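A.B. asks: sequence? don't have it. structure:
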């Protein structure tokens, strides 16, 4: 028996190490090159949901950029941003990142072990959630942003100052929109300092205002206009099982931003088109957001709605998804472009955050309207599509790797907008501007 145990331990070790090496090779050689077959399914039999779709190569991205420039009759005379130089990472960094991924989320049987531990914890009365997810006390799930994970805010501010300098030279105003996060100053996590989002937002906005950049604080605007400063109201702006704001909240945000731009620059935007009574709300089904999927099966699904303008819309649209795949280009109504719901969870997520990270809607009803460029995180995805009724053209890009293309088309204003993303996800040196 004593002789069997060392061999058994070695066999288990080689099994896990071998599975990690095999998955690294398969995902980075086969799947990244678009090969998905029975063999890759077997290798990732317990972790298919964690795989990212194969990304386009540089040639495909370049071809698409040229197509967009041709469509919009853009001629870029000067390149301010060099995407390839900034995004290039050395071999060590790439290997470290991939190894971390495959020894974490993609570790063999990880999800099975995690679920077993969850059931044990809950059976003992402990509300310990996996993947660093926390319950704010009323079923709203999120992840904390601790102090040691905050990036160098001053470095980010310097990047934005440089971006403002470029825009000033082009005669394009820059406005910063600070989006709310599900955690507010009334939450214990914020009061105790376990989450630093509110504190860093306030510090960040103050620094931008010192640079002369107009700031729209949507956290304050929502509470002021609703005349409600409660924690319950704040949480209700978001999905319970997802970290994004609800679609109806993004419509409200678009109305507020439009009104602020009218005040600042006299744009004359028809912001009444974004009144809630100008949209129909349709219940679709139940869905589970990204936070909920991290703690399956502990939390129930929540109601899922889609929103349609009651007025006529006429758009020309180029749509490209988060992995730079062009999937639609043509003319039609708002519903033609954005209501592509079927009976899969992925489609619900697609609509909830308007998954298209590259969209060029052009409003044929406003031939002399204003053009806006939005740069920021995924909170802008639903926001950008609901700005289409009040702008002539809405450009949204995340990450900001096509800024030259957009700036060459001379938007009337650039909105830089984030929730909590820049404070803990982006190293300052990776930011484009």
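C.D. replies: Received, thanks. None of these values were measured; they are calculated from a predicted model.

A.B. asks: For the rest of this, base every contact and every neighbour count on C-alpha atoms.
C.D. replies: Noted.

A.B. asks: Before we go further, residue 414 is sitting in a strand, right?
C.D. replies: Yes - per DSSP: H, G, I helix; E, B strand; the rest coil, residue 414 lies within a strand segment.

A.B. asks: Residue 369 belongs to a helix?
C.D. replies: No - counting by three-state DSSP, one finds residue 369 to be coil, located in no helix.

A.B. asks: Contacts only, for it.
C.D. replies: 390, 391, 392, 393 (C-alpha atoms under 8 Å, 6 or more residues apart in numbering).

A.B. asks: same thing with residue 312?
C.D. replies: Residue 312 sits in contact with residue 333, where contact means C-alpha under 8 Å, 6+ apart.

A.B. asks: switch to 10 Å and redo it
C.D. replies: Going by C-alpha atoms under 10 Å, 6 or more residues apart in numbering, residue 312 touches 333, 334, 365, 389.

A.B. asks: next one: residue 183
C.D. replies: 136, 140-145, 189-190, 195-198, 231, 234-235, 243.

A.B. asks: can we see that at 8 Å?
C.D. replies: Shown in contact with residue 183 (C-alpha under 8 Å, 6+ apart): 136, 142, 189, 190, 197, 198, 235.

A.B. asks: Most neighbours among the residues you listed, please name it.
C.D. replies: The most crowded member of the contacts of residue 183, judged by other C-alpha atoms under 10 Å, is residue 197 (27 neighbours).

A.B. asks: of all the contacts of residue 312, which comes closest to residue 297?
C.D. replies: residue 334 (35.1 Å; C-alpha to C-alpha).

A.B. asks: which element is residue 142 on?
C.D. replies: Using DSSP states H and E, residue 142 sits in strand 141-143.

A.B. asks: Work out the sheet partners of that strand and label each with its direction, please.
C.D. replies: Strand pairing for strand 141-143, determined by DSSP bridges: strand 133-135 (antiparallel).

A.B. asks: Looking at the contacts of residue 183, which are in helices?
C.D. replies: Within these, residues falling in helices by DSSP state H are 189, 190, 197, 198, 235.

A.B. asks: Quickly note the distance from the third one to residue 180.
C.D. replies: Just to be clear, that refers to residue 197. 9 Å (C-alpha to C-alpha, to the nearest Å).

A.B. asks: try the fourth one
C.D. replies: Distance, residue 198 to residue 180, by C-alpha to C-alpha: 9 Å.

A.B. asks: and residue 18, which of the three is it?
C.D. replies: Residue 18 is classified as helix under three-state DSSP.

A.B. asks: From one end of stretch 187-202 to the other, what's the distance?
C.D. replies: Stretch 187-202: ends 16 Å apart by C-alpha to C-alpha.

A.B. asks: which residues are contacting that stretch?
C.D. replies: Contacts to stretch 187-202, defined as C-alpha under 8 Å, 6+ apart, come from residues 136, 144-147, 178, 181, 183-185, 231, 420, 423.

A.B. asks: Redo those as CSV? Include pLDDT, secondary structure and distance to residue 252.
C.D. replies: Converted to CSV, these look like this (pLDDT from 0 to 100; DSSP: H, G, I helix; E, B strand; the rest coil; distance: C-alpha to C-alpha, whole Å):
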residue, pLDDT, secondary structure, distance to residue 252
136, 90, coil, 24
144, 89, coil, 26
145, 86, coil, 26
146, 84, coil, 29
147, 80, helix, 31
178, 96, strand, 14
181, 92, coil, 15
183, 94, coil, 19
184, 93, coil, 18
185, 91, coil, 21
231, 95, helix, 18
420, 81, coil, 19
423, 68, helix, 24
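
A.B. asks: Can you lay out the residues you listed as TSV showing distance to residue 293?
C.D. replies: Converted to TSV, these look like this (distance: C-alpha to C-alpha, whole Å):
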residue	distance to residue 293
136	17
144	17
145	19
146	22
147	26
178	27
181	19
183	19
184	23
185	26
231	24
420	20
423	24
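
A.B. asks: of those, closest to residue 210?
C.D. replies: Nearest to residue 210 among the contacts of stretch 187-202, with distances taken as C-alpha to C-alpha, is residue 178, at 15.4 Å.

A.B. asks: Around the closest one, how many other residues sit close by?
C.D. replies: Neighbours of residue 178 (other C-alpha under 10 Å): 21.

A.B. asks: ditto for the one 4 residues further on
C.D. replies: Residue 182: 25 surrounding residues under other C-alpha under 10 Å.

A.B. asks: could we number from 380 for the rest of this?
C.D. replies: In the new numbering, first residue 380, that becomes residue 561.

A.B. asks: got the phi/psi numbers for it?
C.D. replies: The phi and psi values for residue 561, taken as degrees, to the nearest 10, are phi -60, psi -30.

A.B. asks: For this protein, which helix or strand comes out least confident on mean pLDDT?
C.D. replies: helix 462-466 (a mean of 39; mean pLDDT, DSSP states H and E).

A.B. asks: Let's see the pLDDT reported for the residue nearest in space to the middle of the chain.
C.D. replies: Nearest to the mean C-alpha position of the chain, counting by C-alpha atoms, centre = their mean, stands residue 757 at 2.1 Å. Per-residue pLDDT puts residue 757 at 83.

A.B. asks: Same check on residue 790?
C.D. replies: Reading off the model, residue 790 has pLDDT 94.

A.B. asks: out of everything not next to it in sequence, what's closest to it?
C.D. replies: Using C-alpha to C-alpha, 6 or more residues apart in numbering and skipping residues adjacent in sequence, the residue nearest residue 790 is residue 750, 4.8 Å away.

A.B. asks: What is the burial count for the one you found?
C.D. replies: 20.

A.B. asks: Who are the contact partners of it?
C.D. replies: Contacts of residue 750 by C-alpha under 8 Å, 6+ apart are 770, 771, 772, 773, 774, 789, 790, 791, 792.
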